[in-house]
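Student: Okay, here's the prediction I keep looking at, along with the sequence it came from:
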Amino acid sequence: MTAATGRGPEERDQRPSQQLRAQLGLRELILAGEFEPGERVSELPLVERLGVSRTPLRLALTALAHEGLLEAHATSGFVVRSFTFTEVIDAIELRGLLEGNAARLAAERGPRPADVQRAHELVTELDEIVRLGGLEFDDFLAYVDRNEAFHALLLDMARSSVLRRALEHAAALPFASPSAFVHTEAELPESHRVLVVAQEHHRAIVEAIERGEGARAEQLGREHARIARRNLELALTDERLRASVPGGSLILMPDTQEVGKARDSPSPPDRPRPPVAWGGTPHAPTDQGGRHVTR
């Protein structure tokens, strides 16, 4: 035991593993619907259930609050978050923007030959799964594994630590990750067609990166993320499908018209900015004499 910490080396060595076990275990419980949105997370029952001490558990609670699954309250401790339909859509759109940037950087910076080879290998492996036609649940699990590997490789190819941190944070929410709705696809009649479209995106992204076509790679990356948005909209209209989405119980059910409006109104392109005067501030309205008018 040391005077500075009051803990022996064995206890210090166990702390990170206990925190990770608590973090993974609690995340799994939340995503499985063991906690209702807004429910307070009590420490003592979790200490016993997860088999960890209180300090690692508290660190895990803080980490999950940083991910966005929990909220810290001054009086009630940590409570489970809920998410509106709009918040989930925004998270998916943000991931699309970041993955599009990753694809663009990979194209502009020039991919390493080994990365290109691995990307083609993953696309081929995904092709073999999709060609099966009548996919079983295990086939979808295999697809999830290769799909996550593809998206991780895409981030590696960008060679940007800043983008990596931003994208990992954006994808931390279960329904914003690249494979969030693959299990939902397994329940849909048109699931095979959805995966075929996703595969076309994968292949086109790799080809654009190889050719150094940054703008095309970026647009494909953004469009690819919108498959998850479409599947979310379908899942929220079917209670059985919603239950198959990890963390689906945390999503507040929107008004049916809101879902339909979002489906019929894809994300608009970047809006034109207002005229900017010299000095970087938008032009203020003026009267006929050129004097600024206040409102």
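Tutor: Okay, I see it.

Student: Distance-wise, check the closest residue to residue 144 other than its chain neighbours relative to residue 225.
Tutor: Ranked by C-beta to C-beta, 6 or more residues apart in numbering and with sequence neighbours excluded, the top spatial neighbour of residue 144 is residue 179, at 4.5 Å. C-beta coordinates here come from the backbone N, C-alpha and C atoms, glycine included. Applying C-beta to C-beta, to the nearest Å, the value for residue 179 to residue 225 is 12 Å.

Student: still on that earlier bit, my read: the residue nearest to residue 144 touches residue 149, true?
Tutor: No: in this structure, residue 179 is not within contact of residue 149 by C-beta atoms under 8 Å, at 10.4 Å.

Student: So for these two, which residue has more residues nearby?
Tutor: More neighbours surround residue 179 than the other of residue 179 and residue 149, with 20 against 16 (other C-beta atoms under 10 Å).

Student: dump the residue contacts of that one.
Tutor: 144, 147-148 (C-beta atoms under 8 Å, 6 or more residues apart in numbering).

Student: cool, residue 127 as well?
Tutor: Counted by C-beta under 8 Å, 6+ apart, residue 127 has contacts residue 199.

Student: The nearest residue to residue 212 once chain neighbours are set aside is in what secondary structure piece?
Tutor: What sits nearest to residue 212 in space, not counting adjacent residues and going by C-beta to C-beta, 6+ apart, is residue 107, at 5.2 Å. Under the criterion of DSSP states H and E, residue 107 resides in helix 85-109.

Student: Who are the packing partners of that helix?
Tutor: helix 137-158, helix 161-170, helix 191-210, helix 214-236, helix 256-264 (3 or more C-beta pairs under 8 Å, 6 or more residues apart in numbering; DSSP states H and E).

Student: Make a markdown table out of those helices and add distance to residue 121.
Tutor: As requested, the helices and strands packed on helix 85-109 are exported to a markdown table (distance: least, C-beta to C-beta, whole Å):
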| stretch | distance to residue 121 |
| --- | --- |
| helix 137-158 | 10 |
| helix 161-170 | 22 |
| helix 191-210 | 10 |
| helix 214-236 | 19 |
| helix 256-264 | 35 |
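
Student: For the residue nearest to residue 212, give its distance to residue 150.
Tutor: 16 Å.

Student: before we move on, back to that, for the residue nearest to residue 144, give its distance to residue 238.
Tutor: 19 Å.

Student: try residue 56
Tutor: From residue 56 to residue 238 the distance is 39 Å (C-beta to C-beta).

Student: Which of these two has more residues huddled nearby?
Tutor: Set side by side, residue 56 and residue 238 show more neighbours around residue 56, with 21 against 13, by other C-beta under 10 Å.

Student: Settle this for me: the more buried one is touching residue 25, isn't it.
Tutor: No: the criterion here is C-beta under 8 Å, and residue 56 misses it with residue 25 at 10.8 Å.

Student: How many residues are close by residue 90?
Tutor: Residue 90 - counted by other C-beta under 10 Å - has 15 other residues nearby.

Student: now swap in residue 68 and tell me
Tutor: 17.

Student: Would you quantify the distance from it to residue 36?
Tutor: 17 Å.

Student: Same question for residue 193.
Tutor: From residue 193 to residue 36 the distance is 36 Å (C-beta to C-beta).

Student: go on, residue 236?
Tutor: 18 Å.

Student: Let's see the pLDDT reported for residue 144.
Tutor: Note on residue 144: pLDDT of 86.

Student: for residue 285, that is, sorry about that
Tutor: 41.

Student: where along the stretch 1-150 of the chain do the helices fall?
Tutor: Taking DSSP state H, counting those that start in this stretch to define them, one finds helices in the stretch 1-150 of the chain at 9-31, 43-50, 54-67, 85-109, 113-130, 137-158.

Student: which stretches of the stretch 51-200 of the chain have low pLDDT?
Tutor: 134, 174, 181-191 (pLDDT under 70).

Student: again, 90 this time
Tutor: 66-68, 74-76, 85-89, 91-92, 130-144, 167-196 (pLDDT under 90).

Student: And for residue 234, the neighbour number?
Tutor: 19.

Student: Kindly report the same for residue 128.
Tutor: 11.

Student: Repeat that for residue 100.
Tutor: For residue 100, using other C-beta under 10 Å, the count is 22.

Student: Ok, residue 43 next?
Tutor: For residue 43, using other C-beta under 10 Å, the count is 12.
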